[in-house]
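> here is a sequence together with a model predicted from it:
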Amino acid sequence: DRRLVYGLLFSLKQFCAKMSRAPPVEGLQMLLTGSCAIHHLETASGLRFVLTTDRQTTDLRAQLRHIYEHIFVEYVTKNALWDPRAKTPIASSEFERVLRQFVEALPCFGSRA
């Protein structure tokens, strides 16, 4: 599923770049499908952060930016053992714990009665 979402986002970015007369300011932010919403943030360095939610969830740009600026930077980029060129999954239990805690606290991920 991760590769399919990446391929979709990559293809849409290429498509939009070719169809637009002006370069996109922020790029693709949210995509609604028949069954879900895909929220997307791409950093200046090309890192991509994606959350999938139900269709009723609105803009999560602020939350994705928080994940990047306050969780990823703090627990991954400041980790001397992390090599961004390695193309391997992030191996940090502290990063995973803090990320999970933040995401599970979002209203859109709360229990639905």
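Now that the structure is in, tell me what you want to look at.

> check which residues of the helix or strand of the chain with the lowest mean pLDDT are buried.
For the chain, counting by mean pLDDT, DSSP states H and E, helix 2-19 ranks last in confidence among helices and strands (a mean of 79). Judged by neighbour count (16 or more other C-beta atoms under 10 Å), helix 2-19 contains these buried residues: L9, K13. Every C-beta, even on glycine, is put in place using the N, C-alpha and C of the backbone.

> which helix or strand contains H40?
strand 37-42 (DSSP states H and E).

> quick one: mean pLDDT for stretch 48-65?
In this model, stretch 48-65 has an average pLDDT of 92.

> can you check stretch 75-83 too?
Computed over stretch 75-83, the average pLDDT equals 87.

> what residues does that stretch touch?
Taking contacts as C-beta atoms under 8 Å, 6 or more residues apart in numbering, the residues outside stretch 75-83 that touch it are P84, I90, S92, E94, F95, V98, L99.

> quick check: helices, which of those residues are part of them?
E94, F95, V98, L99 (DSSP state H).

> mark which of those are buried, thanks.
Using 16+ other C-beta under 10 Å, the buried members of these are F95, V98, L99.

> what's the spacing between G7 and K13?
11 Å (C-beta to C-beta, to the nearest Å).

> nope, Q56 is what I was after
25 Å.

> likewise for P89?
Distance from P89 to K13, by C-beta to C-beta: 23 Å.

> regarding the residue nearest the centre of the chain, what is its secondary structure?
Closest to where the C-alpha atoms of the chain average out (C-alpha atoms, centre = their mean) is F49, at 1.7 Å. With DSSP: H, G, I helix; E, B strand; the rest coil as the basis, the three-state label of F49 is strand.

> verify the stated contact: it with I38.
No: look at F49 against I38 with C-beta atoms under 8 Å: they stay out of range, at 11.3 Å.

> okay, and L64 sits in which element?
helix 61-66.
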